[in-house]
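*Asks:* kindly return the folded structure for what I paste below:
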Amino acid sequence: MELTPYRVVACNLAKSSENKMHDDTVARQYGFIGGLVPGVDVFAYMSHVPAKVWGRLFLERGWMEGHFLKPVYDGETVEVTAREADGGLAIELRSRGELCGTATAKLPRAAPTVRLDDFAAVEPVAKRLPVDGQTYRPGSWLGIVPYRQDVAERQEYLSAIHEAAPVYAAEAVLHPGTLLRTLNSALKENVILGPWIHVSSALQHLTTAFAGDELTVRAKVADNYERKGHRFVELDGVVVANGSRAVARCRHVAIYQPREAAVA
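*Replies:* Model prediction:
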């Protein structure tokens, strides 16, 4: 069964970010036509569908894996379509007539059990060093400065991504895009990066997170490798609320050293 398409105008919320892949001039040096809309927000657009279909249950125990295939640019209208498949949802995001992102979402009967003791809690590095060949050593752990999104900031983010799924109006639950941002923080708060690209994420909700919760992340570098001239890093982490409650587990993949003149 096909579900009603969801259309939204994409917005580059990271124009002033330290990651200059969101800057028009720098992004063109890598073969793109302008600054990239952040992958976390492309994921957020696709997550609208399961949040609308399953409501609060998706934010309590739902799973979604998203892949970013082609760039999404500021001001473009993107269309998110979905169909029922394999007991869940198969989701596609298109812009400019091109397939730019895909996702699979499912609603398990129960959230998996995650032991916080299996994930090391560390502080971000005292001094960030420029990215090099030793950056993101497999097996190492990354932390972030605690982050808190209050009610007003939550509403500002929902408005910025044009999110209107009813579940977010019912109570002050945090958006999946907000949870994913903590994994981005683990990458950038521990290293001085050049332009970099978010490739994919798989997010398993473990329980609902709310505005006002203090969020941290315990992220392990699961892999680090080179492919076609790009350097990739994979993180396996949990998002923790108020120091004691695991609210999500995430597999996060990024190109942390892209080759120049990449073909978009």
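
*Asks:* determine how far the last residue of stretch 144-153 lies from the first.
*Replies:* Stretch 144-153 has an end-to-end distance of 19 Å (criterion: C-alpha to C-alpha, to the nearest Å).

*Asks:* and it, which residues are buried?
*Replies:* 144, 149 (16 or more other C-beta atoms under 10 Å). C-beta: built from backbone N, CA, C; applies to glycine.

*Asks:* and that stretch, what's its mean pLDDT?
*Replies:* Stretch 144-153 comes out with an average pLDDT of 96.

*Asks:* contacts for stretch 22-41, please.
*Replies:* 10-15, 17, 20-21, 66, 68, 71-74, 161, 177, 180-181, 184, 195, 197-201, 258, 260-264 (C-beta atoms under 8 Å, 6 or more residues apart in numbering).

*Asks:* where does the stretch 151-264 of the chain dip in pLDDT?
*Replies:* Within the stretch 151-264 of the chain, the segments meeting pLDDT under 70 span 260-264.

*Asks:* so where do the helices sit in it?
*Replies:* Using DSSP state H, counting those that start in this stretch, the helices of the stretch 151-264 of the chain run over 151-160, 166-170, 176-188.

*Asks:* one more: the stretch 1-150 of the chain?
*Replies:* Under DSSP H, counting those that start in this stretch, the stretch 1-150 of the chain gives helices at 24-29, 39-54, 56-61.

*Asks:* of all the ones you listed, which lies closest to residue 95?
*Replies:* Smallest distance to residue 95 across the helices of the stretch 1-150 of the chain (C-beta to C-beta): 9.4 Å, for helix 39-54.

*Asks:* what's the angle from that closest one to helix 176-188?
*Replies:* 150 degrees (axes from the mean of the first three to the mean of the last three C-alpha atoms, to 10 degrees).

*Asks:* now do helix 39-54 against helix 151-160, angle only.
*Replies:* Relative orientation of helix 39-54 and helix 151-160, computed by the same axes, to 10 degrees: 90 degrees.

*Asks:* so for the residue most central in space within the chain, what's the pLDDT?
*Replies:* Geometric centre of the chain, nearest residue: residue 40, 3.3 Å, by C-alpha atoms, centre = their mean. Per-residue confidence (pLDDT) for residue 40: 96.

*Asks:* ok, how many other residues are close to the closest residue in space to it that isn't next to it in sequence?
*Replies:* Leaving aside its chain neighbours, residue 40 sits nearest to residue 180 (4.4 Å; criterion: C-beta to C-beta, 6 or more residues apart in numbering). A total of 25 residues lie near residue 180 under the criterion other C-beta atoms under 10 Å.

*Asks:* what of residue 84?
*Replies:* The number of residues packed around residue 84, counting by other C-beta under 10 Å, is 12.

*Asks:* still on that earlier bit, can you put the helices of the stretch 151-264 of the chain in TSV and add distance to residue 224?
*Replies:* Formatted as TSV, the helices of the stretch 151-264 of the chain follow (distance: least, C-beta to C-beta, whole Å):
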stretch	distance to residue 224
helix 151-160	30
helix 166-170	36
helix 176-188	12
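
*Asks:* which one of those lies closest to residue 210?
*Replies:* Proximity to residue 210 (C-beta to C-beta) singles out helix 151-160 among the helices of the stretch 151-264 of the chain, at 8.9 Å.

*Asks:* what comes into contact with the closest one?
*Replies:* Contacts for helix 151-160 (C-beta under 8 Å, 6+ apart): 11, 13, 149, 164, 168, 172, 174-175, 177-178, 211-212.

*Asks:* 10 Å - rerun?
*Replies:* With contact meaning C-beta atoms under 10 Å, 6 or more residues apart in numbering, helix 151-160 is reached by 11, 13, 41, 44, 149-150, 163-165, 168-169, 172-175, 177-178, 181, 210-212.

*Asks:* mark which of these are buried, thanks.
*Replies:* Buried subset of the contacts of helix 151-160 (neighbour count, 16+ other C-beta under 10 Å): 11, 13, 41, 44, 149, 163, 165, 168, 172-175, 177-178, 181, 210-211.
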